[in-house]
Structures are given as structure tokens and as C-alpha cells.
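*Asks:* Build me a structure from this.
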Amino acid sequence: MTTIENNLGQIHARIAAACGTANRAVTSVQLLAVSKTFGADAVRDAVLAGQRSFGENYIQEGVDKRAAVRAMGLPGGEALQWHCIGPIQSNKTRLVAENFDWAQTVDRLKIAERLSAQRPEGMAPLNVCIQVNVDGGETKSGVAPDQALELARAVVALPRLVLRGIMSIPDDAPGFEAQCAVHKKAAAVFDAIKASGLPGLAQFDTLSMGMTGDLEAAVAAGSTMVRVGSGVFGRRTYGTPTP
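*Replies:* I've put the predicted structure just below:
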């Protein structure tokens, strides 16, 4: 058993325990393995251990890594999903539109419009989440909670996108209760959009929140997708990943 396989087992056990505590089905929470700064070999080990969804913060790194993993011809490799979970600048939208299955960090209409226009016709529509700044931090990405519905209304009208849900990256909170409180703010935005009656929400099912340190609180607050990096791949060393 590789270290990554062992780590995945531990994270799945944590998710299962958190779901049990919250009286939720374990199948209601998906694990997104955040592979930023780790090379294609680490992704390979995770794929061989059964992981199928990967998140990348750095767009060009993610594009290169996806190509390297695809070239390995791994069993199950054709079913992998790649999520962009980092900031998307205007000059990077084409890379995201052409190479990722999900873009979780849409926080303004201009970016959504470019992703829609640049998504190739031969590919399935791009799954997107609206990133919400639940903390209100001035230096953090994300739309304000009270502006999320307006952005959702605009996104669902775009032809090459499918609005799947809400994503948040709150600051670290001190303890389980504080973590739950901040995650519940994102959950409230998700619930408000889902209950809005907007057309185009047939697949609005994803509440992406929670990471290695707070996944239990995120599951308790309703997360359907936890984004775990160090808990799966180990401690990061920043720099150019090994292909």
C-alpha cells in the first residue's frame, strides 16, 4: 500500500465518521483530491488507489499535469475529472475552458462569459460553481453573499456552462463550532439560490467547502464536496512539480 493510498483511506474514514455524526449518507459527500504542487506520479498513485477527481489551483500546472497523467494510460484514467479551484484571470479563461471539467471559482460575470464563449463545442458544458466570500475579507476572492443570486441568474443564462453550486474558502476558524458557523453562511447562500426558482438549476447540487483541517465541520454544515490536499498527498513544498 502506498502512502497516498493509506492517506486516502484515512480521509474516507473521516468523511464516513462525519457523515455518521451528521446523519448523512456517506455517498452524499465527494472527495476532491487537491494535487497542486504535486507531480503526475502522485496523481497516478491516487488514481490507482481509486481517486477520480482532482483539484488544481494553478491553471497552467493543472493543464500540463492532466496531459502527463493522460499519457500514462492509467486504468480508469479516461474517467478522471479535473477541477480548477484557483483564481481565474481573464487571460487564463481559455485554458480553463479547454482543459478542465469544472471551474469552481467563478466570482464575476466577465469570467463566466469568457468561459462560456471559449468552451469548445465538442466538449460537454463546463460545470461551474460560484465562489462566495463568506468572510467578507477585502483581499479574498469571491462574490459577496448578498450578490450571489444575481450572479447565479446571469450564469444560468450562458449557453456553454452548467451552474452546479457554491464554493467557499473561509479563513481558518478556531474550533469546530466556529468552523461550522462560517460554513453555514455558505450553506445559506446555496439554499437561497436553490429555493429561488431560477431556471437552469436542475444540476445545482454541489456545496464545495471544507479542507483537511475542517472537513468534519463542513460535512456537519452540509458540504457535498470536500477539497483535501495535504491530507491526501502530504505536506507541500512549493515550486515546480515533478512531471
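*Asks:* Skipping adjacent residues, who's closest to residue 86 in space?
*Replies:* residue 57 (3.4 Å; C-beta to C-beta, 6 or more residues apart in numbering). Where you see a C-beta, it was placed from the backbone N, CA and C, and this is true even at glycine.
*Asks:* show me where this protein has strands.
*Replies:* Secondary structure of the chain by DSSP state E: the strands cover 30-34, 53-56, 81-84, 102-106, 126-131, 161-167, 206-208, 225-228.
*Asks:* Kindly reformat those strands as TSV containing mean pLDDT, distance to residue 112 and mean neighbour count.
*Replies:* Output for the strands of the chain, formatted as TSV (pLDDT from 0 to 100; distance: least, C-beta to C-beta, whole Å; neighbours: other C-beta atoms under 10 Å):
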stretch	mean pLDDT	distance to residue 112	mean neighbour count
strand 30-34	98	21	22
strand 53-56	98	19	24
strand 81-84	98	13	22
strand 102-106	98	5	26
strand 126-131	98	7	26
strand 161-167	98	6	25
strand 206-208	98	16	25
strand 225-228	98	20	24
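*Asks:* which one of these lies closest to residue 147?
*Replies:* strand 126-131 (9.6 Å; C-beta to C-beta).
*Asks:* re earlier: indicate which one of the strands of the chain is closest to residue 67.
*Replies:* strand 81-84 (10.6 Å).
*Asks:* Could you give the number of residues near the nearest residue to residue 199 once chain neighbours are set aside?
*Replies:* The shortest distance from residue 199 to any non-neighbouring residue, by C-beta to C-beta, 6+ apart, is to residue 156 (6.5 Å). Using other C-beta atoms under 10 Å, residue 156 is surrounded by 19 other residues.
*Asks:* Let me see the contact set for residue 62.
*Replies:* 36, 56, 82, 84, 99, 100 (C-beta atoms under 8 Å, 6 or more residues apart in numbering).
*Asks:* and of the residues you listed, the nearest to residue 171?
*Replies:* Out of the contacts of residue 62, the member with the shortest distance to residue 171 (by C-beta to C-beta) is residue 36, at 19.0 Å.
*Asks:* In the protein, mark out all the helices, start to finish.
*Replies:* 3-21, 40-48, 59-71, 93-99, 109-118, 148-155, 176-194, 215-221, 230-233 (DSSP state H).
*Asks:* what's near enough to touch residue 156?
*Replies:* Residue 156 touches 163, 198, 199, 200, 201, counting by C-beta under 8 Å, 6+ apart.
*Asks:* Neighbour-wise, give me the winner out of the residues you listed.
*Replies:* That'd be residue 163 among the contacts of residue 156, by other C-beta under 10 Å, with 28 neighbours.
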